[in-house]
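Colleague: using only what follows, build the 3D model:
(chains A and B)
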Amino acid sequence: MSSTPLTWLTAAQSRRLLDAREVSAVELAEAHLARIEALDGDIGAFLHVMADVALAQAADADRRIAARDVAPMTGIPIALKDVLVTTDAPTTAGSKILQGFRSPYDATVVRRLREQGAVFLGKANTDEFAMGSSNENSAYKPVHNPWDLSRVPGGSSGGPAASVAAGMATVSLGSDTGGSIRQPAGFCGIVGVKTTYGRVSRYGLIAFASSLDQIGPFARTVEDAALLLGAVAGHDPHDSTTAAVPVPDYAAALGGDLRGVRVGIAREYNVDGMEPGVSDAVGAAIDRMRDLGAEIVDVSLPHTEYALATYYIIAPAEASANLSRFDGVKYGLSVEAPSLRETYERTRGEGFGPEVKRRIMLGTYALSAGYYDAYYVKAQKVRTLIKQDFDQAFEKVDVIVAPTSPTVAFGLNARTSDPYQMYLADVFTIPANMAGICGVSIPCGMSEGMPVGLQILAKPFDETTMFRVAHAYEQAEQWKDTRPAVGSLA
Amino acid sequence: MRLSREDVEHVAALARLGLTEEEIVRLQDQLSMILDQIAVLERLDTASIPPTAQVTALSNVWREDVERASLPREQVLANAPRQSDGFFEVHAVMAGSDSEEA
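Modeller: This is a model prediction of the structure:
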């Protein structure tokens, strides 16, 4: 037996112990379910715990392991953001409008994990329809940051991030439309990957903004994130935006230092309101990368300051179209009214929360006659400029390094009264979604007793370089072994 | 840019979104403020810039035109609030009581 408690094992460590028959998948599942039972009342990371499913899957995994029929995720306990549809658990997207919804099919990423013999612990909490930066827009309950229960975990993938940070899940899957994986990973002190647009199938991901949404992994180590991405990535006939680009063995490519790697630093990633503790930690991380052999190169991304405004036109516009499917006819909440039109209006009025309504309104306005060119087309043109910024920068460098967020995790209720203040939490993560590139947030230090996230951005479909740089830095620092005190509670 | 109450009501109607009186007033303020922030884009001259709708560089992704199994009807209807004879059931829209705008 390992001396590490089962709930703090990495997926890679678990794989070795499972395959050596030193730990069973059922023991792993039971340990995680017990920890969820003990801690999640205080944290709120799960909307639905799949205990029976998990134990049955774990028993199956043990049989596969005994038969040497093993894949990287066989027997690994995983949490799924509740925007990924599953046949054997409800899917709500954190919204009352989908309360009790049971999908007739699995998302492609869920199906692939199921085929590998993964163990599904439950559906993890999220801002309603993945719209938010603090998880406070969940229609069911907020999530508390495992490092300080009075603070938010970030969002919108607050549940997937908190579950992994607190040792309630080994790894998890989230979705990132404007930072919804990287920002909570930074706030919770773990690794979170926004994959290249087209790298992972979105089939069965409840759509928010279809040209921006991507599914990606959360993990406590870069290696685990690489393993989980490898298990779910690749072309899918059900999602025509997935690319027929081969999926490399990300985990096998890890190792080595940073000699010969050109690391870009963009002066635009320094904004008013940036916390000194964040600047200091990121600065120290850049110094460490230089020590590891990286060549540090100044680059310019001149349209960065326009990314937030561009996003808050394009994402709500796409959302307003995507969310028209919630009409009280096919599934979900339906409020009976005398006419079809009133059924639509009352169902949507009662079923959607305030942030979702705000974005439907903003998006509908931006797409409405008379404003379409001024807002929507204008934003699409600025998107071109933002993408060109990255194209030009990546001619000079292999990766770009920046803070994940301007601040560490803020307090619950600290920003709920001012929507635009909340939107500013994503100012450093949004540009990558606009350009469709990949990025990872990894822990790079502490400020105010809270983790600071370092963002490493790379070219489209160059997750291999992104992971290699992240791994080299991670191995040179102690942050991956720094755990929240909540870990001592159970 | 200040949205009028009529603007908010018009957009809500387009979105088929029922709003309470309190929500209309609040959204008038909040959307106006967000639009003020978004106005930063007006500083950029984009006359010669083509729009980007998506970043995949893919276009016209086809598949073979072959029959595929679809989901069983009862599974598709399992979440329906109202169903009848194997169909989703909705209120009549042609009876005149529900005049949809063109």
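
Colleague: what about the residue most central in space within chain B, distance to B:E22?
Modeller: Nearest to the mean C-alpha position of chain B, by CA atoms, centre = their mean, lies B:A15 at 5.9 Å. As judged by CB to CB, to the nearest Å, B:A15 and B:E22 stand 18 Å apart. Yep, even glycine has a C-beta here, placed from its N, CA and C like the rest.

Colleague: where does chain A get nearest to chain B, which residue?
Modeller: Going by CB to the nearest CB, chain B is nearest to A:G349 of chain A, at 2.8 Å.

Colleague: doesn't B:E22 make contact with that residue?
Modeller: No: assessed by CB atoms under 8 Å, A:G349 is found out of contact with B:E22, at 12.0 Å.

Colleague: from chain A, how far out is B:M94?
Modeller: Separation of B:M94 from chain A (CB to the nearest CB, to the nearest Å): 10 Å.

Colleague: so where's chain B uncertain?
Modeller: The model of chain B has pLDDT under 70 over residues B:95-102.

Colleague: now do the helices in it.
Modeller: B:5-14, B:21-38, B:73-77 (DSSP state H).

Colleague: close to chain A, is the last one?
Modeller: I take that to be helix B:73-77. Yes: using CB under 8 Å from any CB of the partner chain, helix B:73-77 comes into contact with chain A via B:75-76.

Colleague: just checking, what packs against that helix?
Modeller: The contact analysis (3 or more CB pairs under 8 Å, 6 or more residues apart in numbering or on different chains; DSSP states H and E) places helix B:73-77 against no helix or strand.

Colleague: buried residues in it?
Modeller: Residues of helix B:73-77 classed as buried: B:76-77 (neighbour count, 16 or more other CB atoms under 10 Å in any protein chain shown).

Colleague: OK, contacts around A:A233?
Modeller: A:195, A:199-200, A:247 (CB atoms under 8 Å, 6 or more residues apart in numbering or on different chains).

Colleague: try A:K141
Modeller: Taking CB under 8 Å, 6+ apart as the test, what A:K141 contacts is A:44, A:47, A:125.

Colleague: kindly tell me how buried the residue in chain B positioned nearest to chain A is, as a neighbour count.
Modeller: Residue of chain B nearest chain A, by CB to the nearest CB: B:G18 (2.8 Å). For B:G18, the count of nearby residues is 23 (other CB atoms under 10 Å in any protein chain shown).

Colleague: hmm, it is touching A:T343, no?
Modeller: No: contact between B:G18 and A:T343 fails when scored by CB under 8 Å: they sit 9.9 Å apart.

Colleague: can you pull up the most central residue in chain A?
Modeller: Most central in chain A (CA atoms, centre = their mean) works out to A:I181, at 2.2 Å.

Colleague: and the pLDDT for that residue?
Modeller: Looking at A:I181, its pLDDT reads 98.

Colleague: could you verify my assumption that it touches A:G192?
Modeller: Yes: at 4.2 Å, A:I181 counts as touching A:G192 under the criterion of CB under 8 Å.

Colleague: intersection of neighbour lists for the two?
Modeller: Between them, A:I181 and A:G192 share these contacting residues under CB under 8 Å, 6+ apart: A:157, A:161, A:174, A:216, A:218, A:441.

Colleague: phi and psi next, for the fourth one.
Modeller: When read as degrees, to the nearest 10, the backbone of A:G216 gives phi -160, psi 170.

Colleague: report the separation between it and A:A225.
Modeller: For A:G216 relative to A:A225 (CB to CB), the value is 8 Å.

Colleague: common neighbours of the two, please.
Modeller: A:192-193.

Colleague: for my notes, confirm A:A281 occurs in a helix.
Modeller: Yes: the assignment for A:A281 is a helix, going by DSSP: H, G, I helix; E, B strand; the rest coil.

Colleague: for the residue lying closest to it once chain neighbours are set aside, helix, strand, or coil?
Modeller: Take A:A281 and drop its neighbours on the chain: the residue closest to it by CB to CB, 6 or more residues apart in numbering or on different chains is A:G445, 3.1 Å away. Assigned with three-state DSSP, A:G445 falls in the strand class.

Colleague: apart from its chain neighbours, what residue comes closest to A:R220?
Modeller: A:R220 sits nearest to A:I190 (CB to CB, 6+ apart), 5.4 Å away.

Colleague: hmm, the one you found is touching A:S163, no?
Modeller: No: the pair A:I190 / A:S163 is not scored as a contact, 9.9 Å apart, by CB under 8 Å.

Colleague: neighbour count: the two, which is higher?
Modeller: For A:I190 versus A:S163, the count of surrounding residues by other CB under 10 Å is larger for A:S163: 38 against 31.

Colleague: tell me which element the more buried one falls in.
Modeller: helix A:158-165 (DSSP states H and E).

Colleague: give the rounded mean pLDDT of that helix.
Modeller: 98.

Colleague: ok, stretch A:379-398 next?
Modeller: Per-residue scores along stretch A:379-398 average to 98.

Colleague: tell me the contacts of the residue of chain B closest to chain A?
Modeller: A:342, A:345-346, A:348-350, B:12.

Colleague: what do you get if the cut-off is 6 Å, keeping everything else the same?
Modeller: Applying CB atoms under 6 Å, 6 or more residues apart in numbering or on different chains, we find B:G18 in contact with A:345-346, A:349.
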